[in-house]
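> Okay, predicted coordinates and the sequence, questions at the end:
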Amino acid sequence: MLEHSPAIGAYMLSIIVMLMMARNRQSTGPINIIFMFLAVGEFLGVFVRFLLIISGTDLVFGPTGDYFPDGRLIDRSLLYLALFNGTFTAGALFVQWPTRMIAQRMNYTRVETGEASSYGGKWILRILLVLSGPGLLLTLKSIASGNTLIANAQLENSRVSVAGEGPSIMLIEMPFVNLLLWYSYRRGRVGRLWWLSLVGLLGTSLVTGNRTKMVTISLILLALVIQHKGYKVLYRQLPIFAILGTIVFYIGYMISFVRGSLLRQGGSFLYWAKQALLSNPADIFNHIYRSSFNGYDGFLSVINRVPDEMSYKFGHFWFESLTILIPRAVWKSKWDLPVTNIFTFEVWGWSKGGIFVTGPGVMYLDSGVVGIALGGLALGMISMAGLMLLDRYLRDHRWVYGFCVASMCYFLARFSFAGGSNDVVLMQRLLLESLLVGVIVKWMDKKQLLRVRGE
């Protein structure tokens, strides 16, 4: 590992800088939280995988068999990751510093999520319940029709239908978005009914085999907890968070293991569920890093094969990220494959399916090292500017803004080790869904204000 010391040093320095930004008390509002999630997400999802490979504990998982990359490829990957981290930080600071005085005038402070009045709280709860109804009905209908981890024979395809197709996916996501919005509105002061509702939604993830929703809920909730109660709550209640994290980690493993085993080897659900329960911690750890946190493997494959075996797809990632939310029913000639799927098709001949390649990896597919540098810079600027604009629009509804910040935290954490326009579109949907609630609440506030003035 000593021969990789310069590259490791550059990478770790970029992580340390982001962690310093996360603890910077002069940062405006909750912006420092997004640096924490990006740094921690990348460290756990990418660097730990690097350590497993470089130590010989595991090999790179590739479509043609396991292999050990050469030293130059390892060094390039770490330097590219450091470049992305550095340019993201620079982009965020470029927007933040010149606008600090403007931010103060915009009342850009730490998120305040308290309810304005008992009347407002009553109406907000009704709005959230009404908006959640269609999504709950669609989810129950999907489960009742046999779209479950146990019953569905085409398990990989079931993940698509469980998630929803087109606009229906937003309806299905609304219940857990609204549940988390209520948590933000109440500043975490929720009762047993809220926790039972959370367990119920997480239960649908277990039944259908949809890990994405389960992880999304968990990470957004963690970001909300930090916003409302600070980092100290993690230290004071570390055993509780450790137990909950272990449960989520294990459920994610069980879903992945059972689905993968049924798909490859057949058999019964109960048999593979029993095998998952008998797995030792080392097997669980290795399986998770091979099946879910394997973006670093894909990143190595990308920088090793592009542009020699596939040319750069200049602008494709940004184009698909801007247009992926447009329903195919509206745009008949919409593109078919995201850039990660184009890579697996052109290089390995896969007819369908892509791989995780990390955020920097998908930017490298787009336009090489320049793409990583400019992409990191653009992402930092867009993230900072977007949060500042949302803060301005939602200044009277800080609880909605708090959810937007938490959604950004989730996106950056996942984008760091997964990457691709699918992460971008999930972020877009979360923002649209929460802003829909914000627009309705603002309209209700305006209507009530006019009524008061009329009286």
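Received it, and whenever you're ready, just let me know what you need.

> Can you tell me how far Lys334 is from Leu325?
In this view, Lys334 and Leu325 are 11 Å apart by CB to CB, to the nearest Å. Just so you know, the C-beta spots here come from the backbone N, C-alpha and C atoms, and that holds for glycine as well.

> Apologies, that question was intended for Asp391.
The gap separating Asp391 from Leu325 is 23 Å, by CB to CB.

> likewise Leu238?
Distance, Leu238 to Leu325, using CB to CB: 39 Å.

> re earlier: neighbour-wise, which of Asp391 and Leu325 wins?
Using other CB atoms under 10 Å, the more surrounded residue of Asp391 and Leu325 is Asp391, with 23 against 14.

> was I right about that one contacting Tyr401?
Yes - using CB atoms under 8 Å, Asp391 is in contact with Tyr401, at 5.7 Å.

> Let me know the pLDDT of Leu325.
The score at Leu325 is 85. That number is its pLDDT.

> quick one: it is in a helix?
No - secondary structure assignment places Leu325 outside any helix; it is coil (DSSP: H, G, I helix; E, B strand; the rest coil).

> That one: what's it in contact with?
By CB atoms under 8 Å, 6 or more residues apart in numbering, Leu325 lies in contact with Val425, Gln428, Arg429, Leu432.

> next one: Trp318
Contacts for Trp318 (CB under 8 Å, 6+ apart) come out as Asp366.

> From Val362, how far off is it?
10 Å.

> same deal with Leu238?
34 Å.

> out of those two, which sits in the more crowded spot?
Val362 (34 against 10).

> What mean pLDDT does the helix or strand hosting that one get?
Using DSSP states H and E, Val362 falls within helix 359-393. Mean pLDDT, computed over helix 359-393, is 92.

> quick one: low-confidence parts of this structure?
Residue ranges of the chain with pLDDT under 70: 1-4, 24-30, 64, 98-120, 146-166, 209, 448-455.

> Which parts of the stretch 1-150 of the chain are strands?
With DSSP state E, counting those that start in this stretch as the criterion, the stretch 1-150 of the chain has no strands.

> That one: helices as residue ranges?
Using DSSP state H, counting those that start in this stretch, the helices of the stretch 1-150 of the chain run over 5-22, 31-42, 48-54, 71-96, 100-105, 118-144.

> residues of the last one that come out buried?
Same thing as helix 118-144. Counting neighbours by 16 or more other CB atoms under 10 Å, one finds that the buried residues in helix 118-144 are Gly120, Trp123, Ile124, Ile127, Leu128, Leu131, Ser132, Gly135, Leu136, Leu138, Thr139, Ser142.

> excluding its backbone neighbours, what's nearest the fifth one?
Taking CB to CB, 6 or more residues apart in numbering as the measure, Leu128 lies nearest to Asn178, with 4.0 Å between them; neighbours along the chain are not counted.

> Give the burial count for Met21, as a bare number.
Number of residues near Met21 (other CB under 10 Å) recorded here: 20.

> quick one on the thing from earlier: for the helices of the stretch 1-150 of the chain, which one sits closest to Phe293?
Nearest to Phe293 among those is helix 48-54 (5.6 Å), distances taken as CB to CB.

> What helix or strand is Pro175 located in?
According to DSSP H and E, Pro175 maps onto helix 168-185.

> Can you give the distance of that helix from its chain's centre?
Chain-centre distance of helix 168-185: 15 Å, with CA atoms, centre = their mean, to the nearest Å.

> go on, stretch 276-294?
Centroid displacement of stretch 276-294 relative to its chain, using CA atoms, centre = their mean, is 20 Å.

> So what touches that stretch?
With CB under 8 Å, 6+ apart as the test, stretch 276-294 has contacts from 44-46, 48-49, 52, 57-58, 61, 211, 249-250, 252-254, 256-258, 260, 355-356, 417.

> go with 6 Å
Gly45, Arg49, Phe61, Tyr253, Met254, Ser256, Phe257, Val258, Phe356, Phe417 (CB atoms under 6 Å, 6 or more residues apart in numbering).

> most neighbours, which of those?
In those, the most neighbours by other CB under 10 Å go to Phe417, 27 neighbours.

> What distance do you get for that one to Asn294?
On the measure of CB to CB, Phe417 and Asn294 end up 9 Å apart.

> for Gly71, same thing?
Distance, Gly71 to Asn294, using CB to CB: 21 Å.

> now Ala82
Distance of Ala82 to Asn294, computed by CB to CB: 21 Å.

> likewise Gly402?
In terms of CB to CB, Gly402 sits 32 Å off from Asn294.

> ok, now Ile169?
Counting by CB to CB - Ile169 and Asn294 are separated by 25 Å.

> again, but for Leu244
24 Å.

> One more: Ile15?
20 Å.

> So those two - more neighbours on which side?
Each of Ile15 and Asn294 has its neighbours counted (other CB under 10 Å); Asn294 has more, 22 against 18.

> Next, that one: phi, psi?
phi -110, psi 20 (degrees, to the nearest 10).

> For stretch 324-339, which residues meet the burial criterion?
Buried, per 16+ other CB under 10 Å, within stretch 324-339: Ile324, Pro338, Val339.

> Would you agree the first one is in contact with Met427?
No - here Ile324 does not reach Met427: they are 10.8 Å apart, not a contact under CB atoms under 6 Å.

> rewinding a little: quick one: list the elements packing against the helix holding Val362.
Packed against helix 359-393 by the contact rule (3 or more CB pairs under 6 Å, 6 or more residues apart in numbering; DSSP states H and E) you find helix 71-96, helix 295-305, helix 316-323, helix 398-417.

> from the ones you listed, which stretch is densest packed?
helix 398-417 (a mean of 26; mean count of other CB atoms under 10 Å).
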